[in-house]
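Asks: Predicted structure and sequence below. I'll ask about it afterward.
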Amino acid sequence: MKRAIILFWHGLTGILTGIANWITVVLGMKDNSKYGKLLRRIVGTCFTLFVILCTVAATCSFFETLCNRYDITFADTPKEVYTQYLSRNATFCRDSYYEKGYVIDRNDNKTLKNIQWIAKPLGNDSLICYSDGKRRGYFNMFTGKAAIKPRYDHAWIFSDGLASVDDNGWIKFIDPAGKVIIDNHQPYIPGMEGYVFHNGFCVVHNECRDKVGLIDLTGKWVLEPQYFSIQQYGTLLIVNNGIEETVMDTKLNTIIPYDKASYWIHDGIIFSTMQDHTMRQYDLQGNLIDDFYISHVEKITYPTNELRYGTTKNYDDNGKIISETEDNEPTNMQAIARCMCYQAEQGWYGLMSPDGRIITPPSYSTITAVGADLYLCESQNDYGVLLNGKGERVK
């Protein structure tokens, strides 16, 4: 073995020396002077080091690939493993944030490897969407084994027994066996949200890709694709026709009629923002709770003519005050104005009297007190008006 290594090394160095001599000839370094010999040695040594470094890098890469392929680990190099519980018999693991993950069963056997990310299903569905870094497929969250191998460019989570996939640029809906159930010749649109069923409906777009509608679990249109947007919040739908919005339930009954307002739902309350920036609250049955909802109230201060001189305290290394100097520039004392400022829609304010009476609608982006009962009310274009405490314009 030793003789073989010696012969290999002599052969390698002979080849490298020959290559180095060839390079020096090409570069015109043919003289046998001390300078020429030194130059040839430097070039040969540099080239030899370069080849050795490339060989070491290739060997390390091959060894790492071999270890990953055959799950070779070393007991003296512990890794911090991130885990995500899937079921009693399946756990998703990742050795680090940048490495691909894998699924293990209750006996720590790897049932699936080379996972880039996973997305769990909704409801009672059991197939988890995952990516291997190139394509997307599905595996069973109870067995940890692949159910549909990665073969789709894009795929979405299972919900209501179906999942949408991008099959060569066309959106299709498949069942857990991978069989196509709905194929309405819908082209895939990059960045388009949706393609997931909620309560038996799914938001999809038309062929022109400019309007959306709703389909049921059979692929039939229950709302024709003639709307600007459809948002699903639990058992309610917010439908926008481009001008007005309405709120519907899952039976497509109207909860709140069309109005020039913007709706959203949070913590069991339907909020609406009107065109005049006022806000309303409804319950989930569409009953009006509050027709003038206020999110925030604060007092307003204004500068007075009274000056205040501040001081600067100087401390030693032990934190004790050793001196105190008076500031050269005084500041105006602040006083509280008579009226208060309230906020309805985020970023829109109005004036309120001390007893809580609304003086102005929330039509201003900023309100600043310039006197005890005088207010500069500015709009979003930085133009404003002066109003008194009664909401009357002061010219």
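Replies: The structure has been received and is ready for your questions.
Asks: Going by C-alpha atoms from here, please, whenever you check contacts or count neighbours.
Replies: Will do.
Asks: Against residue 246, how distant is residue 299?
Replies: Counting by Cα to Cα, to the nearest Å, the separation of residue 299 from residue 246 is 36 Å.
Asks: nope, residue 160 is what I was after
Replies: Between residue 160 and residue 246 the distance, using Cα to Cα, works out to 25 Å.
Asks: Looks like residue 290 contacts residue 282 (just checking).
Replies: Yes: counting by Cα atoms under 8 Å, residue 290 does reach residue 282; the two are 7.1 Å apart.
Asks: Settle it for me: which of those two has more neighbours?
Replies: Neighbours of residue 290 and residue 282, each counted by other Cα atoms under 10 Å, are more numerous for residue 282; the result is 19 against 13.
Asks: Run through the residues that contact the nearest residue to the more buried one once chain neighbours are set aside.
Replies: Distances taken as Cα to Cα, 6 or more residues apart in numbering place residue 288 nearest to residue 282, at 4.5 Å, with adjacent residues excluded. Counting by Cα atoms under 8 Å, 6 or more residues apart in numbering, residue 288 makes contact with 280, 281, 282.
Asks: remind me which residues of this structure are low pLDDT?
Replies: 1-2, 4, 7-13, 16-40, 43-44, 47, 66-79, 192-193, 309-310, 326-328 (pLDDT under 70).
Asks: Would you mind giving the domain segments of it?
Replies: Domain segmentation of the chain under automatic domain parsing yields 2-53, 79-201, 244-293, 296-388.
Asks: Need those in a markdown table (columns: distance to residue 225).
Replies: Formatted as a markdown table, the domains of the chain follow (distance: least, Cα to Cα, whole Å):
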| stretch | distance to residue 225 |
| --- | --- |
| domain 2-53 | 62 |
| domain 79-201 | 12 |
| domain 244-293 | 15 |
| domain 296-388 | 31 |
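Asks: Please name whichever of the ones you listed is nearest to residue 221.
Replies: Nearest to residue 221 among the domains of the chain is domain 79-201 (9.5 Å), distances taken as Cα to Cα.
Asks: what's the offset of the closest one from the middle of its chain?
Replies: Between the centre of domain 79-201 and the centre of its chain there are 19 Å (Cα atoms, centre = their mean, to the nearest Å).
Asks: coming back round to it: of residue 299 and residue 246, who's got more company?
Replies: residue 246 (20 against 14).
Asks: Does that one touch residue 240 like I think?
Replies: Yes: assessed by Cα under 8 Å, residue 246 is found in contact with residue 240 at 6.7 Å.
Asks: element containing residue 45, please.
Replies: For residue 45, the element it lies in under DSSP states H and E is helix 34-69.
Asks: same thing with residue 257?
Replies: Using DSSP H and E, the element containing residue 257 is strand 254-259.
Asks: What residues sit buried inside that strand?
Replies: 254, 255, 256, 259 (16 or more other Cα atoms under 10 Å).
Asks: Residues touching it, excluding its own?
Replies: By Cα under 8 Å, 6+ apart, strand 254-259 touches 244, 245, 246, 247, 248, 249, 284, 285, 286.
Asks: Return the residues in contact with residue 296.
Replies: 342, 343, 344 are the contacts of residue 296 under Cα under 8 Å, 6+ apart.
Asks: Bridged to it, which residues?
Replies: Taking DSSP bridges as the rule, residue 296 bridges to residue 343.
Asks: Would you mind measuring from it to residue 341?
Replies: 8 Å.
Asks: ditto for residue 175
Replies: According to Cα to Cα, residue 175 and residue 341 sit 56 Å apart.
Asks: out of the two, which sits in the busier spot?
Replies: Taking neighbours as other Cα under 10 Å, residue 175 and residue 341 compare with residue 341 leading, 22 against 16.
Asks: how many neighbours does the closest residue to the more buried one other than its chain neighbours have?
Replies: Sequence neighbours aside, residue 351 is the residue nearest to residue 341 in space, at 4.9 Å (criterion: Cα to Cα, 6+ apart). By other Cα under 10 Å, the residues close to residue 351 number 28.
Asks: For residue 351, what is the enclosing helix or strand?
Replies: Going by DSSP H and E, residue 351 is part of strand 349-352.
Asks: Following that strand in sequence, what is the next regular element?
Replies: According to DSSP H and E, the helix or strand after strand 349-352 is strand 366-371.
Asks: Following the chain onward from that next one, which element is next?
Replies: strand 374-378.
Asks: by contact count, what packs against that following strand?
Replies: Using 3 or more Cα pairs under 8 Å, 6 or more residues apart in numbering; DSSP states H and E as the contact test, the elements touching strand 374-378 are strand 366-371, strand 384-388.
Asks: how many degrees apart are it and strand 384-388 in direction?
Replies: Angle between the axes of strand 374-378 and strand 384-388 is 150 degrees (criterion: axes from the mean of the first three to the mean of the last three Cα atoms, to 10 degrees).
Asks: any residues touching strand 374-378, and which ones?
Replies: With contacts defined as Cα under 8 Å, 6+ apart, strand 374-378 is touched by 364-370, 384-389.
Asks: What segments of the stretch 51-200 of the chain are strands?
Replies: With strands called from DSSP state E, counting those that start in this stretch, the stretch 51-200 of the chain shows them at 82-87, 90-94, 101-104, 110-115, 117-119, 127-131, 136-140, 146-152, 154-155, 163-167, 170-174, 180-187.
Asks: I'd like the ones you listed written out as a markdown table, with distance to residue 357 and mean neighbour count added.
Replies: Below are those laid out as a markdown table (distance: least, Cα to Cα, whole Å; neighbours: other Cα atoms under 10 Å):
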| stretch | distance to residue 357 | mean neighbour count |
| --- | --- | --- |
| strand 82-87 | 53 | 14 |
| strand 90-94 | 58 | 22 |
| strand 101-104 | 60 | 22 |
| strand 110-115 | 60 | 17 |
| strand 117-119 | 51 | 16 |
| strand 127-131 | 55 | 25 |
| strand 136-140 | 59 | 24 |
| strand 146-152 | 60 | 18 |
| strand 154-155 | 54 | 22 |
| strand 163-167 | 53 | 23 |
| strand 170-174 | 55 | 21 |
| strand 180-187 | 54 | 16 |
